[in-house]
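Colleague: Pasted the sequence and its predicted model underneath.
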Amino acid sequence: MSRVIDEVSIGVKGYLMFKKVMIEGANSISSPITYGFPAITGFVGSFHAMSRKMTEDDALAGVSLGGVLIACYDCQPQVYRQNSYSNYTFNQTRNPIKKDGKTASIIEEGKCRLVVSFVVEVLADDELMPEQQNQLIQKTTQWIQQQRMAGGSVQGLARFDPVQYVDQDDISMLTPQLLPAFVLMDAQDDFVDIINEIKQDNPEATTLDALIDVCALHHIPETQKNGDTKWSTMSRKSGHGWVVPMPIGYQGISDLYDASVMQNVRNPEYASQYVEAIYSLGKWVYPQRLNDISGKNAINNAFWRYHYDADRSLYLVTQDQDLS
């Protein structure tokens, strides 16, 4: 993958690997209707912020960061239930008492603890010299511990070689180091198959029905010859691997307003637009399956990147390299 900035072709020259990043208090509510693992934008946005810091560093001039591979070792949502028959609820934090001595309001939020490894594309117009590689490792090791990741705080990294740089041709060396994590992959093809399966049973079913059906278990009664009833359980995910619903971006639902027109926005210096979340399916894949014979899940296809479609007002995070 390459891109053009200031009429100079910038391509992938290598990769940075951040090993076993421990994150505390990450946002576990990924969208209005999904929770669990944080939204992809929470991680891609963090490395985008890190890339912007590089532009201010003279030693890393001409170097930026691109796509992000996400591999999760552990995810622990901070939830509680009184007994095995109760619903889970998120643990809430109590804010300090107000000046008048009254109890402050509790802001509903969901948090989780994570152990995640990241592989990030390093973009440049030329191969990085050893001095630049060392400077890149040193700076990014410092930056990742100073900034937020998916709303959480980085508590630490792997003890040995926490940040590594590898050349573009040596990317296969990273696969064994990702074990025993699971890599988050796009499952759009599986989603299309599930939608078609559901429409065969109910032609009026919508894609939202299919998304909800993925989260459901269907308990089906079967009457035996002796008159007894046997219950079987069916899931739409069967045969498609470990798939999960997740947000993959936003769809504009209003006109694009010029800078400073919309009130109470986070960055008034930029153009703004009202949006709503777009959903699809993701799949957790074992790293060794990223280099299968067909190449469909090759490790080069595991990087999440931004994609903006101005004509359709789409703000996406995708692994599809054919989008233009």
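Modeller: Happy to help now that I have it. Numbering: from 1, shown residues only.

Colleague: shouldn't F118 be in contact with V44?
Modeller: No - under the criterion of CB atoms under 8 Å, F118 is not in contact with V44, lying 9.9 Å apart. Yep, even glycine has a C-beta here, placed from its N, CA and C like the rest.

Colleague: So for those two, which residues contact both of them?
Modeller: Both F118 and V44 are in contact with V68, where contact means CB atoms under 8 Å, 6 or more residues apart in numbering.

Colleague: tell me the contacts of the residue sitting nearest the centre point of the chain?
Modeller: In the chain, the C-alpha closest to the average C-alpha coordinate belongs to I40, at a distance of 2.0 Å (CA atoms, centre = their mean). Counting by CB under 8 Å, 6+ apart, I40 makes contact with 70, 184, 246-248, 304, 317.

Colleague: what does V214 give?
Modeller: Contact partners of V214, counting by CB under 8 Å, 6+ apart, are 194, 236-237, 243-245, 281.

Colleague: can we see that at 10 Å?
Modeller: Shown in contact with V214 (CB atoms under 10 Å, 6 or more residues apart in numbering): 187, 190-191, 194, 198, 235-237, 240, 243-245, 281.

Colleague: Secondary structure class of the residue lying closest to W242 once chain neighbours are set aside, three-state.
Modeller: The spatially closest residue to W242, leaving aside those adjacent along the chain, is W284, at 4.4 Å (CB to CB, 6 or more residues apart in numbering). Taking DSSP: H, G, I helix; E, B strand; the rest coil as the rule, one finds W284 in the strand state.

Colleague: What is the nearest of the contacts of I40 to K230?
Modeller: When those are compared for distance to K230 (CB to CB), M246 comes out closest, at 34.6 Å.

Colleague: Provide the partner residues of that closest one in its beta bridges.
Modeller: When bridges are taken as DSSP bridges, the partners of M246 come out as S280.

Colleague: one step back: could you dump the contacts of I40 into TSV and include secondary structure and pLDDT?
Modeller: Formatted as TSV, the contacts of I40 follow (DSSP: H, G, I helix; E, B strand; the rest coil; pLDDT from 0 to 100):
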residue	secondary structure	pLDDT
I70	strand	96
L184	strand	95
M246	strand	92
P247	strand	93
I248	strand	93
W304	strand	95
V317	strand	94
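
Colleague: quick one: which two of those residues are the most distant?
Modeller: Maximum pairwise distance in the contacts of I40, criterion CB to CB, is 14.1 Å, between I70 and P247.

Colleague: who's more crowded, these two?
Modeller: Shown here are I70 and P247; by other CB atoms under 10 Å, I70 has more neighbours (22 against 19).

Colleague: Can you list which of the contacts of V214 are found in helices?
Modeller: Those of those mapping onto helices are 190-191, 194, 198, per DSSP state H.

Colleague: out of the contacts of I40, which are buried?
Modeller: Restricting the contacts of I40 to buried positions leaves 70, 184, 246-248, 304, 317, with burial counted as 16 or more other CB atoms under 10 Å.

Colleague: Tell me how many other residues crowd F43.
Modeller: Neighbouring residues of F43 were enumerated by other CB under 10 Å; the total is 25.

Colleague: list the contacts for it?
Modeller: With contacts taken as CB under 10 Å, 6+ apart, F43 has the following neighbours: 21, 23, 26, 68-70, 114, 116, 118, 120, 149-150, 184, 304, 317.

Colleague: Pull the CA coordinates from stretch 129-139 and hand them back as CSV.
Modeller: As requested, C-alpha coordinates have been extracted for stretch 129-139 and formatted as CSV (Å, rounded to 0.1, in the frame of the first residue of the first chain):
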residue,chain,number,x,y,z
MET,A,129,18.7,4.0,8.1
PRO,A,130,19.7,2.1,11.3
GLU,A,131,19.9,5.4,13.2
GLN,A,132,16.4,6.3,12.2
GLN,A,133,15.1,2.9,13.2
ASN,A,134,16.7,3.2,16.7
GLN,A,135,15.2,6.7,17.0
LEU,A,136,11.8,5.5,15.9
ILE,A,137,11.9,2.7,18.5
GLN,A,138,13.0,5.0,21.2
LYS,A,139,10.4,7.7,20.5
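
Colleague: what comes up buried for the helix or strand containing H48?
Modeller: Secondary-structure element containing H48, defined by DSSP states H and E: helix 40-54. Going by neighbour count (16+ other CB under 10 Å), the buried part of helix 40-54 is 40-47, 50-51, 53-54.

Colleague: that's a strand at L174, yeah?
Modeller: No - if the criterion is three-state DSSP, then L174 is helix and not within a strand.

Colleague: Now do it against F303, distance only.
Modeller: Per CB to CB, to the nearest Å, L174 is found 12 Å from F303.

Colleague: Now the common contact residues for these two.
Modeller: Contacts common to L174 and F303, judged by CB under 10 Å, 6+ apart, are 15, 69, 119.

Colleague: avg pLDDT for the helix or strand hosting the first one?
Modeller: The secondary structure element spanning Y15 is strand 8-27 (assigned by DSSP H and E). Model confidence over strand 8-27, given as mean pLDDT, is 88.

Colleague: One more: stretch 157-177?
Modeller: For stretch 157-177, the per-residue pLDDT values average out at 90.
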